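Colleague: mind folding the following:
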Amino acid sequence: MLRPYIVAIVKRNKVAMISLIMILVIILVTVFADYIAPYGYADADMKNRFAFPSFTHLFGTDNFGRDILSRVIYGGRVSLLVSLLA
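Modeller: Numbering: from 1, shown residues only. Just a heads-up that it's a prediction; the model follows:
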């Protein structure tokens, strides 16, 4: 349970409020990665190896043609799990 003075500080401080919103967005994106990520974690497209960022691959692709944005989103799950277990 949050203490009332902590809630009051976050409400008054704009930077704290923006940071809290960003953290919540990151948590939601990682939790719902199956629905948000444009491609699967390990889906390879050898025709698009080393592709530069574009509308189809926003972060580009790696040497196996895997979408980097999807891998970052799914990788956030591991980071979230580690932070919860620490």
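Colleague: where are the low-confidence patches of this protein?
Modeller: For the chain, the stretches with pLDDT under 70 are 1-2.
Colleague: just the element for the residue nearest to the spatial centre of it, please.
Modeller: Nearest to the geometric centre of the chain sits residue 73, at 4.2 Å (C-alpha atoms, centre = their mean). Following DSSP states H and E, one finds residue 73 within helix 68-85.
Colleague: so how far is stretch 34-41 off the chain centroid?
Modeller: 11 Å (C-alpha atoms, centre = their mean, to the nearest Å).
Colleague: list the buried ones in that stretch?
Modeller: Residues of stretch 34-41 classed as buried: 37, 39 (neighbour count, 16 or more other C-beta atoms under 10 Å). C-beta coordinates here come from the backbone N, C-alpha and C atoms, glycine included.
Colleague: and the end-to-end length of that stretch?
Modeller: 9 Å (C-alpha to C-alpha, to the nearest Å).
Colleague: likewise for stretch 49-58?
Modeller: End-to-end for stretch 49-58, by C-alpha to C-alpha: 14 Å.
Colleague: likewise stretch 47-60?
Modeller: Stretch 47-60 has an end-to-end distance of 13 Å (criterion: C-alpha to C-alpha).
Colleague: helix, strand or coil for residue 40?
Modeller: coil (DSSP: H, G, I helix; E, B strand; the rest coil).
Colleague: quick one: it and residue 83, what's the gap?
Modeller: 24 Å (C-beta to C-beta, to the nearest Å).
Colleague: ok, residues contacting the helix holding residue 73?
Modeller: For helix 68-85, the surrounding residues in contact (C-beta atoms under 8 Å, 6 or more residues apart in numbering) are 26-27, 29-31, 33, 36-41, 43, 57-62.
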